[in-house]
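Engineer: Mind folding the following:
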Amino acid sequence: MFGIPGKQAVTITPRAAAQICKLMTKGGHAGLRIGVKKGGCAGMEYTMEYVDQPDPHDEIVEQDDARVMIAPMAQMFLFGTEIDYEVSLLEAGFKFNNPNVADACGCGESISFKDVAQG
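Structural biologist: Purely as a prediction, here's the structure:
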């Protein structure tokens, strides 16, 4: 596990927890796995997928009955992130308030991280 002992890698707002619980209940899933992958105009993108069985190396964060698994390769990029769920007139979705992000593209779908070489 990456991070500080006793401190969760990410926090989940009550709105995000409610939405994650809704998705877990609707699909009968164990939770959502969050990761990062190369892509997008800024270099990296967040990924989210339903999980029926956690990977033994996932970090599991539980809050208000919501369960998020953080993929091993993403743990150092997501440490300290707040996961929120926002609804506006035009869209609804999860938002990552990540202190490790150095830059983001205009559409908000792609990010780059501080002190991480893109290769």
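
Engineer: Let me see the contact set for the residue nearest in space to the middle of the chain.
Structural biologist: Centroid check for the chain by C-alpha atoms, centre = their mean gives Ile34 as the closest residue, at 4.3 Å. By C-beta atoms under 8 Å, 6 or more residues apart in numbering, Ile34 lies in contact with 10, 46-48, 68-71, 74, 78, 83. Heads up, the C-betas are built off the backbone N, CA and C, glycines and all.

Engineer: let's see it at 6 Å
Structural biologist: Contacts for Ile34 (C-beta atoms under 6 Å, 6 or more residues apart in numbering) come out as 48, 68, 70.

Engineer: Nearest residue to the last one in space, please, no chain neighbours.
Structural biologist: Leaving aside its sequence neighbours, Ile70 sits nearest to Glu59 (C-beta to C-beta, 6 or more residues apart in numbering; 4.4 Å).

Engineer: Can you tell me how far that neighbour is from Glu91?
Structural biologist: As judged by C-beta to C-beta, to the nearest Å, Glu59 and Glu91 stand 28 Å apart.

Engineer: Have a look at the two and say which one is more surrounded.
Structural biologist: With neighbours defined as other C-beta atoms under 10 Å, Glu59 and Glu91 compare such that Glu59 has more, 22 against 7.

Engineer: Could I get the full set of helices for the chain?
Structural biologist: Secondary structure of the chain (DSSP state H): helices located at 14-27, 75-78.

Engineer: Flag whichever of the ones you listed has the least confidence on average.
Structural biologist: Among the helices of the chain, helix 75-78 has the lowest mean pLDDT, at a mean of 87.

Engineer: and that one, which residues are buried?
Structural biologist: For helix 75-78, the neighbour count (16 or more other C-beta atoms under 10 Å) marks 75, 77-78 as buried.
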